[in-house]
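> need the 3D shape of this:
(2 chains)
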Amino acid sequence: MSRRVRTRFAPSPTGPLHMGGVRTALFCYLFAKKHGGDFILRIEDTDQNRFVPGAEEYIIEALKWCGISPNEGVGFGDGAYGPYRQSERKPMYKKYAEQLIEAGYAYYAFDTAEEIEQMRENMTKQGVQNPSYNSVTRQYMKNSVSLSADEVKARLANGEPYVIRHKMPRNEEIKFHDLIHGWVSFNSSQIDDKVLLKADGMPTYHLAHVVDDYTMKISHAFRGDEWLPSAPTHIHCVKGLGWENEIWEYAHFPLILKPDGKGKLSKRDGDRLGFPSFPINWTDPTSGELSVGYRERGFFPEAFVNMLAFLGWNPGTEQEIFSLEELTQAFSIDRVHKAGARFDFDKTKWFNQQYLKEKSNAELADLIAPQLAAKNYNASNAFIQTFCSMIKERATFINDFSEMGYYFFEDVKIYDEFTIKKKWKTERISLFEELNAELLNDSTFNASSIEHIVKDFIAKNSLGMGDVGPILRIAITGTMQGPPIFELMELLGKEIVEKRIKIAFEKFNSLV
RNA sequence: GGCCUGUUCGUCUAAGGGUUAGGACACGUCCCUUUCACGGAUGAAAUAGGGGUUCGAAUCCCCUACGGGUCACCA
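Predicted coordinates:
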């Protein structure tokens, strides 16, 4: 009764994986892991015309980055059900297609593309709204249903090109159960005779899905909602092959929609919607066009995965931050939504920020080391860790650190002139020189000693913090935004503070 | 257009016949801080419409509207 849980993610290497695909993989992974089963990566490379070099490697690398590694399949070590690339499984499909013919569930078709086109035109002229190769039109086409057995034999013997088409019944109720949608039923009269085996001997998705999921002992076939309309074809083929008692459970996941709700997110979107739609960078091999991925944009894989999990699923509690392990525990297919979810980049950034805040300063110091090195910023590890502690609650991405806090490592490049003009009073110049001198005399020079000096100075001269704070802050950092100024002065040290104040005061005078 | 599928704050969602319809993002206000953020508090904000069933409906049924998917020798 209890069957080993085996799920698979089966992308086609026709380009990069987009985030919708990653989410499908994630759900398959979570479900398999939760039930102690297997998660398999199968590459659906049956369309040689659409093959894109580098796509398979991309898919593997992207899954690795996300931490949703298959335990079986292309790139992750073969298991007992290989090969895991459909092109390498080519020989087996024909056998099953022929088995379907013998069972009366499929037939040979010899029509050329032009003949099919002609048929569609004729049907349209006759007022048929949706012309297709189906239980009615197949009678008028060149196939083993309409042609005599002898002629079919002769054509086959002559090596005439042919495809094998599914023979969808004329008028039958086809019903199947979906873990998310419940019972879904179709009338077969609405469904066309899909090509199962192409003229080049390769299967189409329809045959490949049925044959591979059966032979790979897949227990749960999960895929996006866009597959729902072709499910009856698959169900009927399963029946024709006599596998209906061993069939997997289906679940069709809700689609991830564009932020405006107009259509599903697709590969074609790249990063031109204002946010990445790919997990990692992708360079189109023909156009050379680069689409920035979540990884390069500065997202943590944990945050990206966490966000994806919450698109169409939720745990039913108010917890939102989940590690992969926690997701595995909490995941349940019956908490997956039915309706498509619009993507929200703000929320995605929020997830990243949550993870950023939780990183230790030591971890962050390691992570930002490359960007500091790239800018030739040299500093001790202790300095960098303090820098991280001061900047992390103000940033969303680690990529932003060196840019946001450049003044930790080099002199101020841009001054907030608006605030200077408002706050700098030329007549107070000697007063500030005095403060500067007092600061230089401070032998401790830590945040609290500096604060003392400044506060005494304010009191002595009947000023307010608003008269001094901004001046100091802009002198040191150039901006009104940033970490606590006294702590920053302590970190930078007396020499740098002295130098910056000197440069700044001259600048201020020239501005006012 | 046919078929399939869906519809709770702007967005992601909770509430599986009985709640002042809850949370999060984004937005407003206040507190903390005489910076910015973080954090805390608070506000505004939703059951698409119409019919049933029921003592009682966001939840069940029907109709309408609207959205999405799909209609290839692509997956």
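> hey, where'd the strands end up in chain A?
Here chain A has its strands, by DSSP state E, at A:6-9, A:38-41, A:72-73, A:106-109, A:163-166, A:173-178, A:182-187, A:195-197, A:220-224, A:249-253, A:256-257, A:282-283, A:290-291, A:341-342.
> got the ones you listed as JSON lines, with distance to RNA strand B, mean neighbour count and mean pLDDT columns?
C-betas here are computed from N, CA, C, even on glycine. Shown next, in JSON lines, are the strands of chain A (distance: least, Cβ to the nearest atom of the strand, whole Å; neighbours: other Cβ atoms under 10 Å; pLDDT from 0 to 100):
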{"stretch": "strand A:6-9", "distance to RNA strand B": "11", "mean neighbour count": "26", "mean pLDDT": "98"}
{"stretch": "strand A:38-41", "distance to RNA strand B": "13", "mean neighbour count": "24", "mean pLDDT": "98"}
{"stretch": "strand A:72-73", "distance to RNA strand B": "14", "mean neighbour count": "24", "mean pLDDT": "97"}
{"stretch": "strand A:106-109", "distance to RNA strand B": "7", "mean neighbour count": "24", "mean pLDDT": "98"}
{"stretch": "strand A:163-166", "distance to RNA strand B": "5", "mean neighbour count": "25", "mean pLDDT": "98"}
{"stretch": "strand A:173-178", "distance to RNA strand B": "8", "mean neighbour count": "15", "mean pLDDT": "95"}
{"stretch": "strand A:182-187", "distance to RNA strand B": "4", "mean neighbour count": "12", "mean pLDDT": "94"}
{"stretch": "strand A:195-197", "distance to RNA strand B": "4", "mean neighbour count": "24", "mean pLDDT": "98"}
{"stretch": "strand A:220-224", "distance to RNA strand B": "8", "mean neighbour count": "22", "mean pLDDT": "98"}
{"stretch": "strand A:249-253", "distance to RNA strand B": "8", "mean neighbour count": "22", "mean pLDDT": "97"}
{"stretch": "strand A:256-257", "distance to RNA strand B": "6", "mean neighbour count": "21", "mean pLDDT": "97"}
{"stretch": "strand A:282-283", "distance to RNA strand B": "17", "mean neighbour count": "20", "mean pLDDT": "96"}
{"stretch": "strand A:290-291", "distance to RNA strand B": "19", "mean neighbour count": "17", "mean pLDDT": "96"}
{"stretch": "strand A:341-342", "distance to RNA strand B": "3", "mean neighbour count": "16", "mean pLDDT": "97"}
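> between these, which one is closest to A:Ala369.
strand A:290-291 (24.6 Å; Cβ to Cβ).
> show the pLDDT at the residue of chain A most remote from its centre.
Each residue of chain A has a distance to the centre, and by Cα atoms, centre = their mean the biggest one is for A:Lys460: 58.9 Å. pLDDT, A:Lys460: 91.
> now do A:Asn446
Looking at A:Asn446, its pLDDT is 93.
> could you measure from it over to RNA strand B?
The gap separating A:Asn446 from RNA strand B is 16 Å, by Cβ to the nearest atom of the strand, to the nearest Å.
> identify the residue spatially nearest to that residue, adjacent ones excluded.
A:Glu490 (4.8 Å; Cβ to Cβ, 6 or more residues apart in numbering).
> what about A:Glu114, how many residues nearby?
8 (other Cβ atoms under 10 Å).
> equivalent analysis for A:Ile391, please.
22.
> can you tell me how far it is from RNA strand B?
In terms of Cβ to the nearest atom of the strand, A:Ile391 sits 9 Å off from RNA strand B.
> show me where the stretch 1-150 of chain A has its helices.
A:19-34, A:55-66, A:90-102, A:113-125, A:149-157 (DSSP state H, counting those that start in this stretch).
> just these: most buried one?
helix A:19-34 (a mean of 24; mean count of other Cβ atoms under 10 Å).
> how distant is that one from the center of its chain?
Chain-centre distance of helix A:19-34: 11 Å, with Cα atoms, centre = their mean, to the nearest Å.
> can you dump the C-alpha coordinates of that helix into PDB?
The C-alpha atoms that make up helix A:19-34 are tabulated as PDB, following Å, rounded to 0.1, in the frame of the first residue of the first chain:
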ATOM      1  CA  MET A  19      11.600  31.400 -10.900                       C
ATOM      2  CA  GLY A  20       8.300  29.600 -11.600                       C
ATOM      3  CA  GLY A  21      10.300  26.600 -12.500                       C
ATOM      4  CA  VAL A  22      12.400  26.900  -9.400                       C
ATOM      5  CA  ARG A  23       9.300  26.900  -7.300                       C
ATOM      6  CA  THR A  24       8.000  23.800  -9.000                       C
ATOM      7  CA  ALA A  25      11.300  22.100  -8.300                       C
ATOM      8  CA  LEU A  26      11.100  23.400  -4.700                       C
ATOM      9  CA  PHE A  27       7.700  22.000  -4.100                       C
ATOM     10  CA  CYS A  28       8.700  18.700  -5.600                       C
ATOM     11  CA  TYR A  29      11.800  18.600  -3.400                       C
ATOM     12  CA  LEU A  30       9.900  19.600  -0.200                       C
ATOM     13  CA  PHE A  31       7.300  17.000  -0.800                       C
ATOM     14  CA  ALA A  32       9.800  14.200  -1.500                       C
ATOM     15  CA  LYS A  33      12.000  15.100   1.500                       C
ATOM     16  CA  LYS A  34       9.100  15.400   3.800                       C
END
